[in-house]
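[1] My questions are about this predicted structure, shown below with the sequence.
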Number of protein chains: 4
Amino acid sequence: MSLANGRRYLAIPGPSVLPDRVLAAMQRPSPNIYAGELVDMISGLWADLKRLAGTQGHLAAYIGNGHAGWEAVDTNLFSRGDRVLVLACGNFGHGWANALRALGVEVDLLDFGKRSAADPAQVEAALRADTSGQIKAVLMTQVDTATSVKSDVKAIRAAIDAAGHGALFCVDCIASLGCDDYRMDEWGVDVTLAASQKGLMTPAGMVFVWFSEKARLAGQGAGLRTPYWNWGPRANPAPGEFWEYWHGTAPTHHLFALRAALDMIFEEGLAQVHQRHARLARAVWAAVECWGQGNAAIGLNVAAPAARAGAVTSIRLGAPDATRLRTWVEAEAGLTLGVGLGMGTPEDPKADGWLRLAHMGHVNAHMTLGAIGVIEAGLNALGIAHGAGAVAAAGKAAFAPHP
Amino acid sequence: MSLANGRRYLAIPGPSVLPDRVLAAMQRPSPNIYAGELVDMISGLWADLKRLAGTQGHLAAYIGNGHAGWEAVDTNLFSRGDRVLVLACGNFGHGWANALRALGVEVDLLDFGKRSAADPAQVEAALRADTSGQIKAVLMTQVDTATSVKSDVKAIRAAIDAAGHGALFCVDCIASLGCDDYRMDEWGVDVTLAASQKGLMTPAGMVFVWFSEKARLAGQGAGLRTPYWNWGPRANPAPGEFWEYWHGTAPTHHLFALRAALDMIFEEGLAQVHQRHARLARAVWAAVECWGQGNAAIGLNVAAPAARAGAVTSIRLGAPDATRLRTWVEAEAGLTLGVGLGMGTPEDPKADGWLRLAHMGHVNAHMTLGAIGVIEAGLNALGIAHGAGAVAAAGKAAFAPHP
Amino acid sequence: MSLANGRRYLAIPGPSVLPDRVLAAMQRPSPNIYAGELVDMISGLWADLKRLAGTQGHLAAYIGNGHAGWEAVDTNLFSRGDRVLVLACGNFGHGWANALRALGVEVDLLDFGKRSAADPAQVEAALRADTSGQIKAVLMTQVDTATSVKSDVKAIRAAIDAAGHGALFCVDCIASLGCDDYRMDEWGVDVTLAASQKGLMTPAGMVFVWFSEKARLAGQGAGLRTPYWNWGPRANPAPGEFWEYWHGTAPTHHLFALRAALDMIFEEGLAQVHQRHARLARAVWAAVECWGQGNAAIGLNVAAPAARAGAVTSIRLGAPDATRLRTWVEAEAGLTLGVGLGMGTPEDPKADGWLRLAHMGHVNAHMTLGAIGVIEAGLNALGIAHGAGAVAAAGKAAFAPHP
Amino acid sequence: MSLANGRRYLAIPGPSVLPDRVLAAMQRPSPNIYAGELVDMISGLWADLKRLAGTQGHLAAYIGNGHAGWEAVDTNLFSRGDRVLVLACGNFGHGWANALRALGVEVDLLDFGKRSAADPAQVEAALRADTSGQIKAVLMTQVDTATSVKSDVKAIRAAIDAAGHGALFCVDCIASLGCDDYRMDEWGVDVTLAASQKGLMTPAGMVFVWFSEKARLAGQGAGLRTPYWNWGPRANPAPGEFWEYWHGTAPTHHLFALRAALDMIFEEGLAQVHQRHARLARAVWAAVECWGQGNAAIGLNVAAPAARAGAVTSIRLGAPDATRLRTWVEAEAGLTLGVGLGMGTPEDPKADGWLRLAHMGHVNAHMTLGAIGVIEAGLNALGIAHGAGAVAAAGKAAFAPHP
């Protein structure tokens, strides 16, 4: 006997829930890839994607996932032996650093652990120490999907400037674009990275790299560049060479899906979309804090509110309760939560004490309050102690008067 | 600023939420209607529909909605001037009575108000009083969609038997089939009626009439029968005359949708489906009772638990708060609730004091607990007094150990 | 070994091929049926449906198929014992007559056989003979789907006028609306009937009845009228009573499909749609005539070009070759043709000498020329003698300079 | 006035026509990417993909297009300065060579022009001349999509063997897999490459690389290998590391589409699928030869039948008639043909004398005969001279008794 059958809610931090309108947009025959609707659609798509990232710079798109995006950035900017500074706040910061090392790039790593944002002071210090200007770029995640730590992009920019360092500034917004506020040009970012399957509400399979003219020039001699990753023709195809946008056949159906998703975002308004995510995140935080009042083992991974993501929340329950709960809510109530990626410790090697609740993309109050209600039912059913009143607290946090 | 954008939940008592699998099943070209997959599919569909209703009797299907179903039943059984006994527990009981009257059938109406199940004793008395056996049929709703009152079909059958009356027994299960337990043959029902868009999780457009051999014989001289409504060839087409199943072109895409929906029901198990609805209903009741403890204006329409539907719950909030709340949850949180159909009074002509929360068909704990959480957030936001702890109480009720 | 796997072409005269855009429009969740997009959409739909039929009169819509449409017309206009004149040019003319008789209406039948249009002179004579004005209505098909005979609606109107008879004029356009030119008001028609699954390119399940004010008044006392068929509230619902449009729950997904289909029709232009059908029909005629030059058994059912439908063509091949060919093209080449409905004779009881090739709705030159090419390949493969050059002749006929 | 509106046929050589079943398979919510249906599906998918390519070797899959596939092969096998032998029979052979050069690989190019298959004798001679065994690999297309030239993979293998050379043998089957017969292991191929959007009938966005153990070992020291392209973990992920199959997030919806497509292929039977393509190709050849009898400018690009592809046919019409015809059939009849990619000459710089008619993937006799019929109508309409009887000849070629 289960209460899971119904519209299941996949609340993992990507792939996110697909709007019906996005799915319906994929219900079409293969289009011509040399002329017609698909070709005509690109200029509007590119304009909206730039607007989404807050830039008037270049945009190169790839058929690929987030890891493809890393490699696109890395190979267009660097040569073997180059040196970079990577700021890590979780699994994905380390993952990017490892990808760079595997390409022969020397990585200076600033590891901020799993619970704190990148510290601008340490960044400034590291850059000041690089008196010979060897560090070609500072790379960071706005949000690390694994820990749900959000770093302050603007503050890191300020740190780079304070150090008077000329390094490029590259930000991985895979988990955050379309969820948390982001302003590439205003904040002085040179390279931005995002994928289709999170805040963009489109099936996995596309990744986008926005880059400034400064980045383009700096990367011109990049020894790692390959024909496929080369962002030049993708960002600025020769006239009539539509295939260069994708270096070959375009991801036809994804593009119609993306068009629908961007329409939804801009119909709602980008500021409203950000606010929605912020409020749903606050709802989740309020619930976890409520539960934690009855059980010290329960808590948010990130203490500082300013360092918490708008798209996903990493939650501590203690091992093995997080895994027990995840299993229960999926089997009994139709809710799938994310695993505690990268949160393993010697005492809890499989991270059975952690889970993640996503609130990214196509998500509203009903979905998030429902998730909280289901988690609370699971805590009860499994006999896990917890404070009372979480859903009410969550609802109040979500709908509090505008700050 | 709204938190409604996301997967909206239409929680009105029909049309109900369509499973993705049902929608995907409609994504196909027009089939041949003379041979092939569509024709071959009918026998399995009919078998499963009979299994769903608990009968080995006949089945006639119609392209149409619930009102078409009434007319199908009425015209196949009755002649102008016939007399029937209708048991009304809300809007739809009265609606059926009115439809019968408009066809020239004389209706004896037992009106049980809007908050109580049909009373077997009164039925028995009415039939005993019909010493000349003029009443050709007893007609009732298992659940009245408007009031969410459920009547005890088995008990009414017992009352008919106790009266020693030979009337046909006809039950409208439009709001209940696939939600509440129902056993046509075991309970001695002669005619059962259900539509596609509620517990059957299929778009509106088909209505089904199951009938016993006794009903078939009794209706043979029905003066109201027309070529279109005639259930004979629909239930038992001549060999090779597939078109007779639908008296013309079949509802091609609906049939594939229905096939997917029935597969889902029987894969879950019919008993499990009924249990799921029962538990989700109890969750809603627990929540309303909780809210009511802080505000006497809030309450369930139906006092007796045995008389409450598994598919929908009618809730009193007092005018105009029900309407205010409905408006708020739709605009702010992505939840659409049902209006208080037929609940108007001189003091509250537009039924602004009533709403309905459906839990029929493709619905799970996440959806229902989310709806309750959202309603509670709305009560808070609108300053409507209410008792605390509703979601927790609902979760406990839903997942209480099996009785 | 078969060459059928690929996009199969169902070329039967309904259900017709569904445009991808129509199918995609059905890929959406259940809508609210009390307010919102669905409700707001009706006025535009109704306006476009009236424009399609060429009328400013009333429109009543039904969840149902073509047979439901007949019963809607019959019950709204007539009483038991009324007398009507039915013009039959095939199976469906007789079918309508039978339906009327089953309802107790007296039918005067003018049977024009299976190969000729209704003869205005005979209609005029029949009406002149009705000196006491007993005939309440003249009923006909514009196109009989079975024989592909098209009658001249305007000429029949003229005959009624010439006879000075006041009968209502009712035209079944199920097979022709959206294919052949039709102008209800201009041609003086009182009642028009059409269904969703042919020229309207929408799945089966809706049928439409347009009626003039004269018809409305004439039908006011109709004794056969029932609550479900009653066209009054459907055509002119009380304010706020959206449910009256459909006398109950609306066919939600069909309406979105219909919206897409009507958009396609009017984006192309109604005159262009009619021209396209006319030209594709001429292509088919040219092909059949070509084949017939090498085999006297092959020919068009309808000799007079003016009496041939734009939507479907009935073709004679001689028994059992038509059935052999139908079987072959479906199994070997992915083309499904229509059976010779109602064409049976004592010598050919199952009409194995006849088939129908539809060219209705979402059909273009590639589809029709492909069907002709496949039929020719089948004639060859089966050793059925035939004249050469059919596809070339068909192409020339289709693309001949505009007359 | 146009006859194009209807189900348009995109007959370009990729993306190919998507089966409705494949499209419907994408109509589903985002799946969990850590466990469940998606994860469970992989082993069956991989088994079927290996069966399709005729190998028991390794399989690495990438989110990407054909160009991504080239880079995957190149970077997993080679280091800067390595030397390879590329066999070019058109645009894509040269393209692969250019991609290799851009990566720093030295390319010996055997250019067989645009109308002939790769010559085994020349391959053998080139390998014999490489006495020091510097050539690491021989790379070729089975079919060059641009010229429709098919080379004999088995014969090239024999040439390599005859030369006693140890080079790896890599075959690009992007345009041919699922269309032309192919047997990787039996024919001694080390690396095979194919993409989703042609014979695999799935939207663009996935590319597959099958490789032998010999290739795996030979590529171990490949200096060009990067984390993203690395085929090792993709082909043989660590237990429980589902993400390694795709080096990150999987292309969720594409996988369900691919599952449906592979089911269709194996339900039909791989041999039957190959036969279907062979027969449809012969139909096209017969038609072109027929037209050519009336106009010397019209002809097949490839003279030798054995060197013609089963998936696409390149056709010469003479400039500007090919472009005029392409434009006409798209605008007037709903058929989109491929441009003459890479066929430009000084006299015809834009290749206005060439077009391509694809017959790859989800294509049947109706589609191909329809395309031929439409082209013939276009030749007529545009006054381009041509021999008569093409469609009949095509039909006979398609359905000739099995050789």
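    Received it, and whenever you're ready, just let me know what you need. Every value quoted in this text rests on a predicted model; they were computed, and no experiment measured them.
[2] Report the distance from the helix or strand containing A:Arg21 to the chain centre.
    Here A:Arg21, judged by DSSP states H and E, is contained in helix A:20-25. Averaging C-alpha positions (CA atoms, centre = their mean, to the nearest Å) puts helix A:20-25 22 Å from its chain's average.
[3] If we go by neighbour counts, what in that helix is buried?
    A:20-25 (16 or more other CB atoms under 10 Å in any protein chain shown). The way it works is simple: take the backbone N, C-alpha and C, and place the C-beta from them, glycine included.
[4] Also near chain C: which of those, exactly?
    With respect to chain C, and counting by CB under 8 Å from any CB of the partner chain, the subset of the buried residues of helix A:20-25 in contact is A:20-21, A:23-25.
[5] okay if I get those as CSV plus distance to chain B and pLDDT?
    CSV is the format used below for these (distance: CB to the nearest CB, whole Å; pLDDT from 0 to 100):
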residue, distance to chain B, pLDDT
A:Asp20, 8, 95
A:Arg21, 11, 96
A:Leu23, 8, 95
A:Ala24, 9, 95
A:Ala25, 13, 96
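[6] and the residue nearest the centre of chain A, what is it in contact with?
    Per CA atoms, centre = their mean, the C-alpha nearest to the average position across chain A is that of A:Ala175, at 0.8 Å. Contacts for A:Ala175 were tallied using CB atoms under 8 Å, 6 or more residues apart in numbering or on different chains; they are A:13-14, A:92, A:141-145, A:198-199, A:309, A:311-312, A:360.
[7] Turn the residues you listed into TSV, including distance to chain D and secondary structure.
    Converted to TSV, the contacts of A:Ala175 look like this (distance: CB to the nearest CB, whole Å; DSSP: H, G, I helix; E, B strand; the rest coil):
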residue	distance to chain D	secondary structure
A:Pro13	11	coil
A:Gly14	7	coil
A:Phe92	10	helix
A:Thr141	14	strand
A:Gln142	18	coil
A:Val143	16	strand
A:Asp144	15	strand
A:Thr145	10	coil
A:Lys198	9	coil
A:Gly199	13	coil
A:Ala309	18	coil
A:Ala311	15	coil
A:Val312	14	strand
A:Met360	11	coil
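[8] Quick check: of the residues you listed, which lies closest to B:Ser79?
    Closest approach to B:Ser79 among those (CB to CB): A:Met360, at 63.0 Å.
[9] Can you pull the phi and psi angles for the closest one?
    Main-chain dihedrals, A:Met360, degrees, to the nearest 10: phi -120, psi 140.
[10] Please look at it and A:Val284 and confirm they touch.
    No: the pair A:Met360 / A:Val284 is not scored as a contact, 11.6 Å apart, by CB atoms under 8 Å.
[11] Between those two, which contacts overlap?
    By CB under 8 Å, 6+ apart, no residue touches both A:Met360 and A:Val284.
[12] Neighbour count: these two, which is higher?
    Using other CB atoms under 10 Å in any protein chain shown as the criterion, A:Met360 and A:Val284 rank with A:Met360 on top: 32 against 27.
[13] Which residues are in contact with the more buried one?
    Here A:Met360 is in contact with A:13-14, A:16, A:175, A:178-179, A:198-199, A:277, A:310-312 (criterion: CB under 8 Å, 6+ apart).
[14] mind listing the strands in chain A by residue range?
    Listed in chain order, the strands of chain A (DSSP state E) span A:9-11, A:58-64, A:83-88, A:106-111, A:135-141, A:143-144, A:149-150, A:168-172, A:191-195, A:205-211, A:299-300, A:312-316, A:335-339, A:354-358.
[15] right, so those: which one is the most enclosed?
    Neighbour counts (mean count of other CB atoms under 10 Å in any protein chain shown) averaged over each of those peak at strand A:143-144, with a mean of 34.
[16] tell me the mean pLDDT over that one?
    Here strand A:143-144 scores 98 as its mean pLDDT.
[17] how much distance is there from it to the middle of the chain?
    On CA atoms, centre = their mean, the centre of strand A:143-144 falls 6 Å from that of its chain.
[18] For it, which helices and strands make contact with it?
    helix A:91-102 (3 or more CB pairs under 8 Å, 6 or more residues apart in numbering or on different chains; DSSP states H and E).
[19] Specify the angle between the helix it packs on and strand A:135-141 in degrees.
    150 degrees (axes from the mean of the first three to the mean of the last three CA atoms, to 10 degrees).
[20] which residues touch helix A:91-102?
    Contacts for helix A:91-102 (CB under 8 Å, 6+ apart): A:67, A:70-71, A:74, A:78, A:84, A:86-88, A:107, A:109, A:111, A:139-141, A:144-147, A:172, A:174-175, A:341-342, D:226-228.
[21] same thing with stretch A:231-250?
    A:33-34, A:38-39, A:42, A:58-63, A:72, A:76, A:209, A:211, A:216, A:219, A:227-228, A:230, D:14-15, D:65-68, D:195, D:197, D:204.
[22] swap the cut-off to 7 Å and go again
    A:33-34, A:38-39, A:42, A:58-61, A:63, A:72, A:76, A:209, A:211, A:228, D:14-15, D:65-67, D:197, D:204 (CB atoms under 7 Å, 6 or more residues apart in numbering or on different chains).
[23] same question, stretch A:67-81
    So stretch A:67-81 is contacted by A:60, A:62, A:96, A:99-100, A:103-106, A:136-137, A:168, A:170, A:174, A:191, A:193, A:195, A:207, A:209, A:215, A:218-219, A:221-226, A:229-231, D:63, D:226-228, D:247-248 (CB under 7 Å, 6+ apart).
[24] likewise stretch A:258-269?
    A:19, A:21-22, A:25, A:41, A:45, A:48, A:52, A:178, A:196, A:200-202, A:206, A:273, B:5.
[25] Buried residues, stretch A:218-232. List them.
    Under 16+ other CB under 10 Å, the buried positions of stretch A:218-232 are A:218-219, A:222, A:224-231.
[26] CA atoms only for that stretch - export them in CSV, please.
    Taking Å, rounded to 0.1, in the frame of the first residue of the first chain, the C-alpha atoms of stretch A:218-232 are listed here in CSV:
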residue,chain,number,x,y,z
ALA,A,218,42.9,36.1,-24.1
GLY,A,219,42.0,32.7,-25.4
GLN,A,220,43.2,33.3,-29.0
GLY,A,221,46.4,31.3,-28.4
ALA,A,222,44.8,28.6,-26.3
GLY,A,223,46.8,25.5,-27.1
LEU,A,224,44.0,23.2,-25.9
ARG,A,225,41.5,24.4,-28.4
THR,A,226,40.0,21.8,-30.7
PRO,A,227,37.8,22.0,-33.7
TYR,A,228,34.7,20.9,-31.8
TRP,A,229,35.1,23.1,-28.7
ASN,A,230,36.3,26.2,-30.7
TRP,A,231,33.9,28.9,-29.6
GLY,A,232,34.8,31.3,-32.4
